[in-house]
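Enquirer: predicted model and sequence follow; I will ask about them next.
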Amino acid sequence: MSATTHSHPQQASCQHTLGMPSRKPLYLLADAEIGCDAVSGALVVRRIGAPVQRFPLTRITRIVCGSKVTWSGKALATCFADGVTITWVDGHGRALGNTQPRFTKPESIGTLIETYLELPDWTKRFNNWRARRRLETLITSVKRQAEAGKVLSAAIFAERKRAYVHHGDFPEVFEPMGESFCLALAVDRLHKIGLQSRYFGFDGGTLDLAAELSGLLWAELNFDAGSLAGTAEPPQLLTRVFESWAHLHEGRLLEHIGDLRRHVCREVDAWR
C-alpha cells in the first residue's frame, strides 16, 4: 500500500484463511506535507488538495514513513496497540530510526540471545556467524543467477567473496532507499516472532539485530538486481519492485533467523 501522491494501493497477493485479505506494508513517502491520524482502528492520511485516504490497521503489516508526515499521538498509539512497526527515512531514503511496540511476554529465543550476549567473546562468535551467512548469501545469489543463465566467472566470484564475506563490501546497484525497506522488513519480522531489534551485550556492546539481518537482505537484493536497478526511479516504482522481490525472497530472512537460533543454542550450550 502507498500514500504517495503518485502511486496507488497495491493489490493483495494472497489471502488469509476465512477469506480475509493479507496484511500489506504501507509506504508514506509523500513529496508534500501530509497528516496522519487514527479513527476507529484505521489510519487516516490527509493531504491538501487530495482525497482523504483510510487504511485499516488490520490491513497493515509495517510502515515506512518519510519526513514529510506529521503523526498524531493517537495514530502512533493505535499502531503500537496493533503491533505495527514504523521505520522513518530521510529525504534520501536512508533509515533514521524505528519504533517497535513493547512485548507483553518474553520469547525463549530472546532469552537465549541475552544469555549469548553475556559471553565475553560474543562479538567474535557473532562475527564468525555473520561471515558464514554472508558466504551463504553470496553462493545462493550466484546459484540463482546461474539457473537464469547468468554464470559468474571464478575470478569475479573470488573477488566478491573477498570483498563481501570479510569486509561487507558489495556493489550497491539498487536505489539506496531499498536499504531502508530491508530494515523495515527485518524489524517487522523480528517483532512478530517476539524479538527486539537491538540487544545490549557484555561490557556494553550492542547487537543491532535488525541491522545485521537487513544487511544480509540488502546485499542479496543488490546481487540479484544487477544492472536493472542502476538508475534513479520514483518511490512508487521502487516500492513495487522491492515488494515483488521481497514476496519471493522473504523466506531468506527466516532462514537467517533460524540459523542464528541454531548458532546461539550451540554456543550457549558449549559455554554452560
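Expert: Ah, there it is. What you are looking at is a predicted structure, and each value in this text was computed from that prediction instead of being measured. Numbers count the residues shown, from 1 in each chain.
Enquirer: how about the helices in this protein?
Expert: Assigned by DSSP state H, the chain shows helices spanning 73-81, 108-116, 122-147, 154-167, 177-192, 209-225, 235-271.
Enquirer: could you dump those helices into CSV with distance to Leu43, mean neighbour count and mean pLDDT added?
Expert: Placement of C-beta: from N, CA and C, glycine included. Putting the helices of the chain into CSV (distance: least, Cβ to Cβ, whole Å; neighbours: other Cβ atoms under 10 Å; pLDDT from 0 to 100) gives the following:
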stretch, distance to Leu43, mean neighbour count, mean pLDDT
helix 73-81, 6, 16, 93
helix 108-116, 29, 16, 86
helix 122-147, 34, 16, 95
helix 154-167, 38, 13, 94
helix 177-192, 16, 24, 94
helix 209-225, 23, 22, 95
helix 235-271, 17, 16, 89
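Enquirer: how about CSV for those helices, with distance to Thr61 added?
Expert: Shown next, in CSV, are the helices of the chain (distance: least, Cβ to Cβ, whole Å):
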stretch, distance to Thr61
helix 73-81, 11
helix 108-116, 21
helix 122-147, 24
helix 154-167, 29
helix 177-192, 6
helix 209-225, 15
helix 235-271, 11
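Enquirer: name the spans of the stretch 1-150 of the chain whose pLDDT lies under the cut-off.
Expert: 1-21, 103-107 (pLDDT under 70).
Enquirer: one more pass at 80, please.
Expert: 1-22, 102-108 (pLDDT under 80).
Enquirer: do a quick rundown of the strands in it.
Expert: Taking DSSP state E, counting those that start in this stretch as the test, the strands found in the stretch 1-150 of the chain are 24-28, 34-39, 42-47, 53-56, 60-65, 69-71, 85-89, 95-99.
Enquirer: now mean neighbour count too, for those strands, in TSV please.
Expert: Listed next are these as TSV, based on neighbours: other Cβ atoms under 10 Å:
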stretch	mean neighbour count
strand 24-28	24
strand 34-39	18
strand 42-47	20
strand 53-56	16
strand 60-65	23
strand 69-71	17
strand 85-89	25
strand 95-99	17
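Enquirer: Gln100: what's it in contact with?
Expert: 85, 187, 191, 196-197 (Cβ atoms under 8 Å, 6 or more residues apart in numbering).
Enquirer: now render those as JSON lines, adding distance to Ala50.
Expert: Shown next, in JSON lines, are the contacts of Gln100 (distance: Cβ to Cβ, whole Å):
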{"residue": "Thr85", "distance to Ala50": "26"}
{"residue": "Val187", "distance to Ala50": "29"}
{"residue": "His191", "distance to Ala50": "31"}
{"residue": "Gln196", "distance to Ala50": "37"}
{"residue": "Ser197", "distance to Ala50": "33"}
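Enquirer: list just the nearest of these to Pro120.
Expert: Lowest distance from Pro120 to these (Cβ to Cβ) belongs to Gln196, with 21.7 Å.
Enquirer: was I right to think the closest one contacts Gly110?
Expert: Yes. Here Gln196 reaches Gly110: they are 6.9 Å apart, a contact under Cβ atoms under 8 Å.
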